[in-house]
Structures are given as structure tokens and as C-alpha cells.
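1. No letters, just coordinates:
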């Protein structure tokens, strides 16, 4: 009987993922309660349960004090009876007296069984919660089980997760036994076991899928700085490389687009724009508006607003269908963005505002502001004054590029 009990513990430990120590503790508590019920003494605190898994043995004892005259035979033993066990016992000693658990009544045994089952269920619930709590904010693969109203139960292994209608991708269909990847939103500990909420539309689903597919993202060489997503339609993701030798966009796209294609397939064709992140918000906004080309960006960092001018023929592309490209760019960058075409900016006079802003403090190239330093192709600017090609500056003195010894005054006169 003892062998069967401990063999059953080993099986339970494997099947339920419950440590044997927890199971032994549950059995010990149940035997203590069975002993109290058998003697109808709920006040007994001197019950000792000895469970030895290695020897596959267990015993139940009452710790009794050796006294001259017994007043409570459940907690005390007479000196005469104690000396029959061992003549060396004296008054005040404590003896563990064996209890025959086989003599317990049917009700006491049934109660013990119920306690054991309750303790096992509680231990299993805690084990499941611990397992899936560690998976919170991660992506795991599940199998579609059944529909619960408009929600879907997803089997995650040992427990089902709930995919609420609000967390489904619009237009995505689910069918029994379909394998899908879901993002674990939250894990609650309830009396009936862990309640797990999962999502298919959360932006971090895209992040985690790239972590699985792109080694550089997984090891931190490439960082995903921001994601904006309209699930089922389009996502924008800004990436940054921590290594000069790694192109972050190229790493995420993969050879011939193989890496991004794996993510797109998992998301059933959702388009993903991967752009370079930049600490300069003007550059970042220009990158984020891709694939549209940008003429000028004027940023108000304090109010988190940006005005953008694009070529006339690029206006619809910059805004996107139903404003999607502009909307995702605003979410990705955190700036409220106002996009105008060149013609609109000229007619409203806002283009003058752009030019004044850029040219007063530096020089401009492709609509972007730069400090008073070198300009492309040998052009230089100082205090908003521009100089022709072939002119360079050294300590405030300007020279023609062809002849370093030739002095240039305002890029016009030489001597």
C-alpha cells in the first residue's frame, strides 16, 4: 500500500507538474485532520505525521508527555505505561505514540481523501498560474478550441486562454484546430485556475514576432524603439542599431525579405513598414512618413507638433488611404502632424515660415535644418549666408577650393 501511494506521487508530480514536497505536505495535513476527526478532537496540536519518500513509509503519532497521573489520555501518558515502552523514560519526557491509521472511521478517511484532493487541486492551480504568469507579455502558440459567444477559446497547452472579440484582427477567421500565435495580455489567479487573456491585435505581437524571427533583435543588437499598428492592415516599426556594422532595417527585412515575410504570413498579409529611428524628431518624422518623400519638416518639440511639406505628387501617398500613413506616423513619433503639399504651403504663406526658420540659424538641405557647418559639395554657410561650390572656410577666412591660397570675400572677390 505504501509503495502504491508513493508511486502515485511520482506520477502526479510528472503529470500535474507539482513538486512531491507539496504533495507530501498535502497528505500530511489530510492525515492530521483525519486523526482529529477520528477522535473528535479538533483541538489536538500534538499530531505528528512522518512521511519518508525514500523509504516509502509513513506513520502517525501523538506526542504525549509522561506524567504521574493522566488527565488527558490524548496528550499525556502515565509513567508506568511509558516505562513499559522504555524503562529509561522519566516524568516530563515526551513520547511519540504510534496511531493505527487503519482503524480510522470511514467518515474520517473520506474527509482525509477530500482534503488531499483539495490540496492537490490548489497546488496544481498555483503551479499553472506560476507557469503562465511567466509568459505574460510574451507570444505563445495556441490551438483554436471552440467559440464562446463571440470570443474564442485558445488551448495554450495545460489551460485555455480567451481571445476576446475586441482583441481579434478585423476580418480574420478562426476554425477548430487552427494553430495561431497570440500575445499574452494578462494572467489572473482565480479559484478555478488561471484566467488568461490573449490578443492578436496588440502592437507587441509584432515586436515579439520579430524577436523570434530576427536574431539581432533577440540579442539586443537591433532595438525596436516604437511600433504603431492598425491590426490586419498596416504597421510601422522604428528600429535602431547598437552596432555600426549592422543595418537595423536590413536585419529586420532579411535576405530577399525572408524575415519580414515570416511575420507578414503570421499576420495574414498585414503590411509592415520598417524605418530607421532617429533622436532628431525631424529626421524621425521624415523616415516614418516613408514611402512618401519629404521636402521640409518643421518641429515644435515643446507642443509635440510638426508641420510637413511634401511634393505635390506625393501628398496623397504621405497622407495614405483614409489618412492611415499620417495617422500611423503620428502614433509612431508621438507628434501631431500637419501635412501640406508645396503648392498649399506657398499659397498659405507657410513656406516662408519654413524658410525663415531654417535659413536664420543654419542651412537647409532637402528641407532639413543643419547647423552652421559644411554644406554638401564644398558649400558653406555662416550666419545664414550661402557660398557657392568650390569655396571652403578656415578660421573665418574663405578660400576657393581650386587654390587654397586664394582668398574669397563673400565668395565673389579674390585676392
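-> It's in. Just so we're clear, the structure is a prediction, and the values are computed from it rather than from any experiment.

2. check contacts around residue 340.
-> The neighbours of residue 340, taking C-beta atoms under 8 Å, 6 or more residues apart in numbering as the test, are 307, 308, 309, 310, 315, 348, 350. In short, each C-beta sits where N, CA and C put it, glycine included.

3. again, only using 10 Å
-> 295-296, 307-310, 312, 315, 318, 346-348, 350-351 (C-beta atoms under 10 Å, 6 or more residues apart in numbering).

4. For it, pull up the helix or strand it's in.
-> Following DSSP states H and E, one finds residue 340 within strand 336-341.

5. Average pLDDT for that strand, rounded please.
-> Taken as a whole, strand 336-341 has a mean pLDDT of 92.

6. Which strands border it, and is each parallel or antiparallel?
-> Within its sheet, strand 336-341 is paired with strand 305-310 (parallel), according to DSSP bridges.

7. Buried ones in the strand it pairs with, by neighbour count?
-> Neighbour counts using 16 or more other C-beta atoms under 10 Å place 306, 307, 308, 309, 310 of strand 305-310 among the buried residues.

8. Over to stretch 335-349?
-> Those buried within stretch 335-349 under the rule 16+ other C-beta under 10 Å are 335, 337, 339, 340, 341, 342, 345.

9. returning to what we had before: the buried residues of strand 305-310 into JSON lines, with extra columns for distance to residue 266?
-> Shown next, in JSON lines, are the buried residues of strand 305-310 (distance: C-beta to C-beta, whole Å):
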{"residue": "306", "distance to residue 266": "33"}
{"residue": "307", "distance to residue 266": "37"}
{"residue": "308", "distance to residue 266": "33"}
{"residue": "309", "distance to residue 266": "37"}
{"residue": "310", "distance to residue 266": "33"}
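
10. residue boundaries of the helices in the stretch 151-300 of the chain?
-> Counting by DSSP state H, counting those that start in this stretch, the stretch 151-300 of the chain has helices at residues 203-213, 215-218, 248-253, 258-266, 281-288.

11. Deepest-packed of the ones you listed, please.
-> Of all the helices of the stretch 151-300 of the chain, helix 281-288 has the most neighbours on average by mean count of other C-beta atoms under 10 Å, namely a mean of 22.

12. what residues are up against the closest residue to residue 142 other than its chain neighbours?
-> Among residues not flanking residue 142 along the chain, residue 154 sits closest, at 3.8 Å (C-beta to C-beta, 6 or more residues apart in numbering). Residue 154 is in contact with 140-146, 160-163, 174, 178-180, 182, 196, 198, 200, counting by C-beta under 10 Å, 6+ apart.

13. does residue 82 belong to a helix or a strand, and which?
-> Taking DSSP H and E as the definition, residue 82 sits inside helix 79-85.

14. Please apply the same query to residue 146.
-> Counting by DSSP H and E, residue 146 is part of strand 139-148.

15. If you count neighbours, what's buried in that strand?
-> Applying a neighbour-count criterion of 16+ other C-beta under 10 Å, one finds 139, 140, 142, 144, 145 buried in strand 139-148.

16. of these, closest to residue 285?
-> residue 139 (29.6 Å; C-beta to C-beta).

17. so what's that closest one bridging to?
-> Where residue 139 sits in a bridge, its partners, by DSSP bridges, are residue 183.

18. if I read this right, it contacts residue 156, doesn't it?
-> No. Applying C-beta atoms under 10 Å as the test, residue 139 and residue 156 come out as separate, 11.3 Å apart.

19. Common neighbours of those two, please.
-> With C-beta under 10 Å, 6+ apart as the test, residue 139 and residue 156 both reach 182, 184, 198.

20. pretty sure the second one contacts residue 157?
-> No. Because the distance of 12.0 Å does not satisfy C-beta under 10 Å, residue 184 is recorded as not touching residue 157.

21. quick one, which of the two is more surrounded?
-> More neighbours surround residue 184 than the other of residue 184 and residue 157, with 25 against 14 (other C-beta atoms under 10 Å).

22. pLDDT weak spots in the stretch 101-250 of the chain?
-> Applying pLDDT under 70 to the stretch 101-250 of the chain flags residues 102-109, 111-112.

23. let's see it at 90
-> Along the stretch 101-250 of the chain, the parts satisfying pLDDT under 90 run over 101-134, 157-158, 170-171, 189-194.

24. which residues of it fall in strands?
-> Ranges of strands within the stretch 101-250 of the chain are 139-148, 151-155, 160-163, 179-190, 193-199, 222-230, 234-241, based on DSSP state E, counting those that start in this stretch.

25. Save these as TSV, and put in distance to residue 275 too.
-> Converted to TSV, these look like this (distance: least, C-beta to C-beta, whole Å):
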stretch	distance to residue 275
strand 139-148	23
strand 151-155	32
strand 160-163	30
strand 179-190	22
strand 193-199	24
strand 222-230	10
strand 234-241	6
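
26. who wins for proximity to residue 323 among the ones you listed?
-> Taking C-beta to C-beta, strand 222-230 is the member of the strands of the stretch 101-250 of the chain nearest to residue 323, at 10.9 Å.

27. So for the closest one, what gets flagged as buried?
-> Using 16+ other C-beta under 10 Å as the test for burial, strand 222-230 gives 222, 224, 225, 226, 227, 228, 229, 230.

28. how close does the fourth one sit to residue 255?
-> Applying C-beta to C-beta, to the nearest Å, one obtains 25 Å for the distance of residue 226 from residue 255.

29. correct me, but residue 271 touches residue 237?
-> No. In this structure, residue 271 is not within contact of residue 237 by C-beta under 10 Å, at 11.2 Å.

30. between those two, who's got more neighbours?
-> Using other C-beta under 10 Å, the more surrounded residue of residue 271 and residue 237 is residue 237, with 26 against 14.

31. Show the contacting residues for the more buried one.
-> So residue 237 contacts 203, 206-207, 210, 224-229, 248-249, 252, 260, 263, 272-275, 277, 288, 332 (C-beta under 10 Å, 6+ apart).
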